[in-house]
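Asks: A structural model of the following input is requested.
(2 chains)
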Amino acid sequence: MWKELQEWLKQDLTIQELKAKAKELGLSVRKQMTKADVRRLLERYIERAKLSEPESVESISSATSQMQESTDQSQQLPPKEDITIPDSYKKDKLVAMPINPQWMYFYWDLSDANASLIKSSNISKVVLRVYDITYIEFNGTNAHRTFEIGIDVLGIRNYYLNVPVPGAHYLGEIGYYDVDGRYIPLLRSNLCMMPTSSPSQSTRERWLDLRKHRRIVMPASGMLTPVIERVAGSVQGLESLFRTSNAGSFSFARLSGKGM
Amino acid sequence: MPRGQIMLVLHAHLPYVHHPEYTFFLEEQWLFEAITETYIPILRMFRNLEKDKVPAKLTMSITPPLMEMLANTDLQYKYEKRLEKLIELSKKEVQRTERENPTKHKMAQYYLSEFEDTLYIFKDVYQRNILNGFKEYMSKGYIDIITCNATHGYLPFMEQYPQAIRAQLEQAVKTYERHMGVKPRGIWLAECAYFPGLDKYLAEYSLEYFFVDSHGLWYADERPKYGVYRPVITPNNVFAFARDPESSEQVWSAQIGYPGDSRYREFYRDIGFDREYDYIRPYIDPSGVRTNTGIKYHKITSKETPLDGKDFYDVDDAKGVAHEHARDFLRKKESQVEYLLNIFEGLEPIVVAPFDAELFGHWWYEGPLFLEYFMREAANSQKLRVVRACDVADWIEKVQILTPAASSWGANGYNEVWLNGTNDWIYLHLHEMVERMTDMAKRYVEEKDPLKVRVLNQMVRELLLAQSSDWAFIMTTRTSVDYAVNRTKTHIKRFLDLYDMLNSGNIDVGELQRLEYVDDIFPDADYKMYLKI
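Replies: From the prediction side, this is the model:
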């Protein structure tokens, strides 16, 4: 294409013709440009076109950190921005998050003091504990159940945990056993309420009459409509249960035109 | 005679993508494609229905970032340029296809007139801000426009930070009011993500209703007597509507859904990829990478047909199909509500069918036409009437009190799309940012120095932008991962830099100005939102 353009430029052209061509190519043409200016713009375009064969163009999933070649000569591209972020904030923190009724997630961060404490010779084993404290005031010893797993809290920074009871309230704790076998807690997480995955067993129903502003409580009558619940399944094993086809937000990802 | 009711809900959302420092940015095309293919066609539908005096009722969320982008003059200007280029290309196509094939030629002419009409609606009718159009049809009673979390933040992952939830809601309500002139009555929770207790915050912002996925009601604290076919009210007096699984399946399922019909337009054949490079070069990405233009000449033909074996698309055939599908959908909905009316002993069932708005038009090209035909057909139905969420909130007299269960409309119904091995690293940072923002809000609660206030408010913008659930979603679906990762890191880094500036007392005004320019969402952002713990 640039060859054609080069040939075309050899003619005696009016400024209108030149500007029209430049615009057609997507170059930014300003009003005050002279005929020579526009010619130069087009010549520069040819120079660049010679350099960039279509096959050699890099794929651009553009990103804020990544510069794009622009045909617009008048525009200065912004400088590349440093987006290096820390991998720790040196704060003691254990955070629990629910993923689905069976899985919960923990991540943690440690202060320098606790990081060096964990390395000390006084410690025989570091663990992640999970207490089931559904509907109780936890005092450290009255959990319904307590689970424990040995973890290298300095080597890894997060953990996915399969838990037994949907709808339960779990509390996480990082602690260690000292050389005498005593358990010492270090960090405690927020309370994590797991999603439920089955219909309620409650025997009552509550209603609100909006006109009379009256509440009514009555024995449960159950659901009138039959329900077909979804169930996870796979022919390939657990890995593919984490796939992402859904009824939900899919379409804008396709707006990139790349498909899924 | 009692009739069943159907509520169609479209969720219109795109993450905030605006790069004023670039004249062309690939990801800004998401918005431009959605305006041309979805948002303006929906407005065109209302214009057609109004002209023919057909009553129509739609519920639609337009998210705060989308509102901010639609009202942004730089994006409006870029969109207009893009559309003008497309019209220029269409004109060339009209000439070219004359020699190629009569169906192609007909379609080229069709595209040219569609794009010219789109430009007319954009520029002349709505003065480049199509929110004016949505406002118009809201005031005429056609649409109930509701809001959404400020930046589509995933609220279940903010449960331990009430102030972060409140900021997402407060900014949502403020942004809606700034653009629409009234307060929103309802909210679409981003990703339909709910957890027990969230209703309390919704009530604080006078939001009257929200939506959950089906199992949000099925697994609620008490059994919903009418399943998902009547709204419930939470203990904090907010209505919850639940998604009907049947309607979604009928419309959108890959196997049995309407959009897969062989006579509909094929998404993946676009002249941006089909035409020779030299010819198409000025109309694709300026870097030279081929992109979609929106001009597509092929139909699906059959799912088994390879892309290069597709037949030519004829929009008139497709219109017939869309009409047929609209009638079919209406018949299915009529028989569904008849069945429900029967088991509900005459109480009117309410079927709620929510969809991503961008499914209609962008992905399913004939979708807006389908909607229009559905509204026309439904207007004459004796068994069914179309309602908006606000209508139900106004009419309903007796309602069951429930707390819906934690749920979302993502894959498998919970949180795993937004928390898995591809994106779990973001939460350390997002939570840290909330904590620092809160500390700063407390420390500078009485701050009078306008420069410091600007730094604090820019921190709010960076935090809210980083919280968009879109980034985690893209990392999971592996579509534009680099962009999503970079956007997340960029907002974290900018936030931390601003934090350091404030802490050290060395405020770099030039840098602050630059950040206000490149992350220019929410001019009314207020750091004091984070005092509401």
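
Asks: for the one helix or strand B:Lys200 maps to, packing partners?
Replies: Using DSSP states H and E, B:Lys200 sits within helix B:198-204. Applying 3 or more CB pairs under 8 Å, 6 or more residues apart in numbering or on different chains; DSSP states H and E, we find helix B:198-204 packed against helix B:162-180. Using the backbone N, CA and C atoms, a C-beta is placed for each residue, glycine as well.

Asks: where's the helix it packs on relative to the chain centroid, distance-wise?
Replies: 17 Å (CA atoms, centre = their mean, to the nearest Å).

Asks: A:Tyr107 looks like it's in a strand, true?
Replies: Yes. If the criterion is DSSP: H, G, I helix; E, B strand; the rest coil, then A:Tyr107 is within a strand.

Asks: Surely B:Glu68 and B:Thr175 touch.
Replies: Yes. With contacts counted by CB atoms under 8 Å, B:Glu68 reaches B:Thr175, the gap being 6.7 Å.

Asks: Strands of the stretch 101-250 of chain A, start to end?
Replies: Assignment of strands within the stretch 101-250 of chain A using DSSP state E, counting those that start in this stretch yields the ranges A:103-109, A:123-132, A:145-150, A:158-162, A:169-178, A:183-193, A:204-209, A:214-219.

Asks: Deepest-packed of these, please.
Replies: Mean neighbour count (mean count of other CB atoms under 10 Å in any protein chain shown) peaks for strand A:103-109 among the strands of the stretch 101-250 of chain A, with a mean of 22.

Asks: and the angle from it to strand A:158-162?
Replies: On the basis of axes from the mean of the first three to the mean of the last three CA atoms, to 10 degrees, strand A:103-109 is oriented at 160 degrees to strand A:158-162.

Asks: anything in strand A:103-109 near chain B?
Replies: Yes. Judged by CB under 8 Å from any CB of the partner chain, strand A:103-109 comes into contact with chain B through A:Trp103, A:Tyr105, A:Tyr107, A:Asp109.

Asks: what pLDDT, on average, does the helix or strand hosting B:Leu464 get?
Replies: For B:Leu464, the host element (DSSP H and E) is helix B:450-466. Helix B:450-466 shows a mean pLDDT of 98.

Asks: ok so, going back, residues of the next helix or strand after the helix holding B:Lys200 that come out buried?
Replies: Scanning forward in sequence from helix B:198-204 by DSSP H and E, the next helix or strand is strand B:209-212. Within strand B:209-212, the residues scored as buried using 16 or more other CB atoms under 10 Å in any protein chain shown are B:Tyr209, B:Phe210, B:Phe211, B:Val212.

Asks: what does strand B:209-212 rub up against?
Replies: B:9, B:146, B:185-189, B:192, B:194, B:199, B:202, B:231, B:238-243, B:352, B:354, B:389-390, B:393, B:404, B:407 (CB atoms under 8 Å, 6 or more residues apart in numbering or on different chains).

Asks: Spit out the contact partners of the closest residue to B:Lys85 other than its chain neighbours.
Replies: With CB to CB, 6 or more residues apart in numbering or on different chains as the criterion, B:Lys85 has its nearest non-adjacent residue at 5.8 Å, and that residue is B:Tyr283. By CB under 8 Å, 6+ apart, the contact list for B:Tyr283 reads B:Lys85, B:Leu86, B:Glu88, B:Leu89, B:Gly272, B:Thr293.

Asks: so of those, which ones are in helices?
Replies: Among the contacts of B:Tyr283, DSSP state H puts B:Lys85, B:Leu86, B:Glu88, B:Leu89, B:Gly272 in helices.

Asks: how about the helix ranked longest in chain B: buried residues?
Replies: If you go by DSSP H, chain B has its longest helix at helix B:315-343. Of the residues in helix B:315-343, B:315, B:318, B:321-323, B:325-326, B:329-330, B:333-334, B:336-337, B:340-341 count as buried by neighbour count, 16+ other CB under 10 Å.

Asks: Mind giving me the packing neighbours of that helix?
Replies: strand B:4-12, helix B:245-252, strand B:350-356, helix B:367-378, strand B:384-386.

Asks: Same list, these, but as a markdown table with mean neighbour count please.
Replies: Below are the helices and strands packed on helix B:315-343 laid out as a markdown table (neighbours: other CB atoms under 10 Å in any protein chain shown):
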| stretch | mean neighbour count |
| --- | --- |
| strand B:4-12 | 24 |
| helix B:245-252 | 19 |
| strand B:350-356 | 23 |
| helix B:367-378 | 23 |
| strand B:384-386 | 20 |
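
Asks: mean pLDDT for those: which is lowest?
Replies: For the helices and strands packed on helix B:315-343, mean pLDDT drops lowest on helix B:245-252, to a mean of 87.

Asks: by how many degrees do it and strand B:4-12 diverge?
Replies: Using the same axes, to 10 degrees, the direction of helix B:245-252 lies 60 degrees away from that of strand B:4-12.
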